[in-house]
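A structural model of the following input is requested.
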Amino acid sequence: MRDWVRARRAWRGYGLAIDDADGPIAENYGMAPVRLPHGEVVWGDRIDPARVIIRNIPLPDNEYRWGDVVLHDGAPNGERVVNGRTFGVFDVLERWSPSEIPTHQVVASCPSEDDSKALIAHFERHHFAAEDWSANVRRLCRACSVGSPDGHNHSFGTTDTDRDFGLASPRGLAEQILSTWAENGAGRAFGDLRAI
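Modelled structure (predicted):
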């Protein structure tokens, strides 16, 4: 409802430390995983107890984007463990504020893992994002998705040279970044961008 005075009062009544400002709550509650309506779990910045800014690039079969602000359920439904720390997974209720940054898909030739990391770093330097879907996406069974995926052996990562990337940036800038990246590494190349 964007009634920030009432929202702050409600969160404080629930026992959370929220300041008395008038505008939107934009705190740093750390990273949190959220489950999109199609079942994909992505990570984002938790800016208040019920909203997350998506920082992964959702896969093509999702209508969500990098930078979307989503409203999530407050009850964890599953968990993810990163570096020994357990995070509850929250189900997304709705896209609260859409991102204006378009998403593209491209196949890029990365002779080594460093080439993939360099491509991601090029986008980050421009304050946008690239994600190596071939290496980072792990397909889970439903039981593991809503539980803890550490119990089963699910396929994860790749050693293939041709990798599928999601890109979050304006198209012209994405093409420019890809060209610069390709020119600065032996064996690097990329195909046509596909808007998602």
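
looking at the chain, which helix or strand does the model trust least?
helix 142-145 (a mean of 59; mean pLDDT, DSSP states H and E).

can you tell me which residue sits nearest the middle of the protein?
Centroid-nearest residue in the chain: Asn56, 1.5 Å away (criterion: CA atoms, centre = their mean).

which element follows the least confident helix or strand of the chain toward the C-terminus?
Using DSSP states H and E, the helix or strand that follows helix 142-145 in sequence is strand 162-168.

mind listing what's buried in that following strand?
Within strand 162-168, the residues that count as buried by 16 or more other CB atoms under 10 Å are 163-168. Heads up, the C-betas are built off the backbone N, CA and C, glycines and all.

flag the shaky bits of this structure, pLDDT-wise.
Applying pLDDT under 70 to the chain picks out residues 138-159.

change it to 50
The model of the chain has pLDDT under 50 over residues 152, 154-157.

break the protein into its domains for me.
What automatic domain parsing lists as the domains of the chain is 4-97, 103-195.

follow-up on the earlier one: the residue nearest to the centre of the chain: what's it in contact with?
For Asn56, the contact set (CB atoms under 8 Å, 6 or more residues apart in numbering) comprises 42-44, 66, 131.

quick one: contacts of stretch 102-113?
So stretch 102-113 is contacted by 57-58, 60, 65-66, 115-116, 119, 132, 135, 161-171, 174, 178, 185-196 (CB under 8 Å, 6+ apart).

phi, psi of the residue nearest to the centre of the chain?
Dihedral pair for Asn56: phi -90, psi 170, per degrees, to the nearest 10.

so what's Phe123 closest to, chain neighbours aside?
Counting by CB to CB, 6 or more residues apart in numbering, Phe123 lies nearest to Ala130, which is 4.0 Å off, once chain neighbours are set aside.

got a list of contacts for the helix or strand hosting that neighbour?
Using DSSP H and E, the element containing Ala130 is strand 129-132. Strand 129-132 has contacts (CB under 8 Å, 6+ apart) with 55-57, 66, 110, 116, 119-120, 122-124, 163-169, 177.

name the element Asp22 belongs to?
Applying DSSP H and E, one finds Asp22 in no helix or strand.

could you check the angle strand 162-168 makes with the helix or strand hosting Ala118?
Element membership of Ala118 [criterion: DSSP H and E] is helix 113-125. Orientation check (axes from the mean of the first three to the mean of the last three CA atoms, to 10 degrees): helix 113-125 against strand 162-168 gives 10 degrees.

that's all I had, so thanks and see you.
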